[in-house]
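1. mind looking at a prediction? Sequence and model below.
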Amino acid sequence: MGNKGPEARSKLLVGLNMYGALFAPHRRAITGNDYVQLLEKVQPQMDWDAESEESFFEFTDGDVEVEVWYPSLYSIKYSRPSKPKLTCEETVRFGSGF
């Protein structure tokens, strides 16, 4: 917010995605319940992408390569404003239509 005052900073709104992305072979949204079921089924090795600061995993379903990205607590923590003096409202996004 640069040199804006507390009033302007209090109007900052940060959106937190509560859905991920599944690529198989086209991108589609994946919600929390589907993500947990997929983790239980596949039991993947999680990977970390340092550039995007997001966790993901890959697996093969038949002959289709699948890649799944979903917000982790770490990525949510570091996607938020990092300065303690910067206050903001937060909203949670459910679904992929926002």
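-> Here it is on my side, so go on.
2. only C-alpha atoms for contact and neighbour calcs from this point on.
-> Noted.
3. list the buried ones in the helix ranked longest in the chain?
-> Ranked by residue count under DSSP state H, the longest helix found in the chain is helix 32-42. Buried residues in helix 32-42, counted by 16 or more other Cα atoms under 10 Å: Tyr35.
4. what residues does it touch?
-> With contact meaning Cα atoms under 8 Å, 6 or more residues apart in numbering, helix 32-42 is reached by Met18, Tyr19, Gly20, Phe59, Tyr70.
5. hmm, 10 Å instead?
-> 18-22, 30, 43-46, 57-61, 68-71, 94-95 (Cα atoms under 10 Å, 6 or more residues apart in numbering).
6. so for the helix or strand following that helix, mean pLDDT?
-> Going down the chain from helix 32-42, the next helix or strand is strand 47-49, by DSSP states H and E. The pLDDT scores in strand 47-49 average 90.
7. list the neighbouring strands of strand 47-49 plus their orientation.
-> Strand 47-49 pairs in its sheet with strand 54-61 (antiparallel), by DSSP bridges.
8. what number of residues lie near the closest residue to Val66 other than its chain neighbours?
-> Sequence neighbours aside, Ala24 is the residue nearest to Val66 in space, at 4.7 Å (criterion: Cα to Cα, 6 or more residues apart in numbering). Other residues lying near Ala24 total 15 when counted by other Cα atoms under 10 Å.
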